[in-house]
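> Structure of the sequence below:
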Amino acid sequence: MKDTKPSSRPVTVIGWREKIALPDLGLPLIHAKIDTGARTSALHATRIRPFERDGESWVRFHIPHAGLTRAADCEARLVDRREIRNTSGIGEERHVIATALLIGGRRWTIEISLADRAGMAMPLILGRTAIRRHRVLVDAGRSFLAGPPAGRGGAEKTKRAAGKPRAAKTQTMERDDE
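Numbering: from 1, shown residues only. Alright, predicted model coming up:
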């Protein structure tokens, strides 16, 4: 059994769907489904194209109109390519990136797989690995409990030029990363 230490950080209660931001990707407001039954997170993306930059693997992708945000073209450093089971249980190889997640007033880095989720209701699924270790409790009967994403790159920053790629990078703020 794991040793659990009490934390001074309060538990954040969120709903089964929330308005979040992925500021490093230039997405100040997007609807997400919080799915503790899914291990990994997935973002709806099309035109996914890997490329090299300064000897490192990167990926360029398009986010169609996503929830409350305009369409965007993005670039991010490629973390991995993984075999991930889709909602039908079929394994598929996906590109995985790391980017900042902003939910309510909290920010931390998560890994997200890029997938064509055109037939799904929400453009982003937040799986359990994205929220574990961050003292988050999901109220499955309620929605939008965290409020709009706040802080640098959140919902208040909506005038970013569409179509300009932005590289994902780690920034220091009120972070919950280890």
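
> which residue ranges form the helices in this protein?
Using DSSP state H, the helices of the chain run over 128-131.

> Do you have the strands of it handy? List them.
12-15, 17-22, 27-34, 41-44, 46-53, 56-63, 72-85, 91-103, 106-115, 124-126, 136-139 (DSSP state E).

> list the helices and strands the third one packs on?
Using 3 or more Cβ pairs under 8 Å, 6 or more residues apart in numbering; DSSP states H and E as the contact criterion, the secondary-structure elements in contact with strand 27-34 are strand 17-22, strand 124-126. Placement of C-beta: from N, CA and C, glycine included.

> can you pull the buried residues of stretch 109-128?
109-117, 122-128 (16 or more other Cβ atoms under 10 Å).

> Give me the residue ranges of the chain where confidence is low.
1-7, 66-69, 151-178 (pLDDT under 70).

> residue contacts, Gly37?
Contacts for Gly37 (Cβ atoms under 8 Å, 6 or more residues apart in numbering) come out as Arg128.

> same question, Val136
Taking Cβ under 8 Å, 6+ apart, we find Val136 in contact with Val11, Thr12, Val13, Ile14.

> now do Ala130
Per Cβ under 8 Å, 6+ apart, neighbours of Ala130: Ser41, Leu101, Ile110, Glu111, Ile112.
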